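*Asks:* With the sequence up front, the predicted model follows.
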Amino acid sequence: MDQALANRLVMARRFDGLPAAGTGLPRLFALDRMLRMPGGYAYSIATGQVGFRRIDPSGAEQGKPHFPRALAPVALLEAGLIPLEEYCVVHKKAHANDSGCGAGSTAWCGAGDAGGGCGGD
């Protein structure tokens, strides 16, 4: 289920003109929350991650947000949903003040053949 959600997230971001590797929330993912849709999901962005909470029958958000790893920019890259170049643009902006790949990045960063990594990471 998380992989299907990741695919829809990328497609919805592209449809809305947002960077697919970014942290913007596309309109489709904001709709249930805006409408307070009973039984829906309230998506939000926190620390660059997409998360969601269930919406109860009265339209209120319930519980703590769940942040599926499959929706993280690096997971979108690993799943082949976004190209490395697109990921690197967002990654560099997010870690502009970091040295190297930054905390929490995966082993692929800067690895691979001579063209791998995020251009100097």
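*Replies:* Done, it's in. None of these values were measured; they are calculated from a predicted model.

*Asks:* What residues does the residue nearest to residue 84 when sequence neighbours are not counted make contact with?
*Replies:* Excluding its sequence neighbours, the residue lying closest to residue 84 (Cβ to Cβ, 6 or more residues apart in numbering) is residue 77, at 6.5 Å. Using the backbone N, CA and C atoms, a C-beta is placed for each residue, glycine as well. When the contact criterion is Cβ atoms under 8 Å, 6 or more residues apart in numbering, the partners of residue 77 are 21, 83-84, 87.

*Asks:* now do residue 22
*Replies:* Neighbouring residues of residue 22 by Cβ under 8 Å, 6+ apart: 13, 73, 90.

*Asks:* Would you indicate which residues of stretch 68-76 are buried?
*Replies:* Of the residues in stretch 68-76, 68, 70-76 count as buried by neighbour count, 16 or more other Cβ atoms under 10 Å.

*Asks:* How about stretch 57-66?
*Replies:* Buried residues in stretch 57-66, counting neighbours by 16+ other Cβ under 10 Å, are found at 61, 65.

*Asks:* end to end, how far does it reach?
*Replies:* End-to-end distance of stretch 57-66 (Cα to Cα, to the nearest Å): 19 Å.

*Asks:* Could you do stretch 64-72 as well?
*Replies:* So stretch 64-72: terminal residues 18 Å apart, Cα to Cα.

*Asks:* next one: stretch 55-70
*Replies:* Start-to-end, stretch 55-70 (Cα to Cα) is 21 Å.

*Asks:* Looking at it now, give me its mean pLDDT.
*Replies:* In this model, stretch 55-70 has an average pLDDT of 96.
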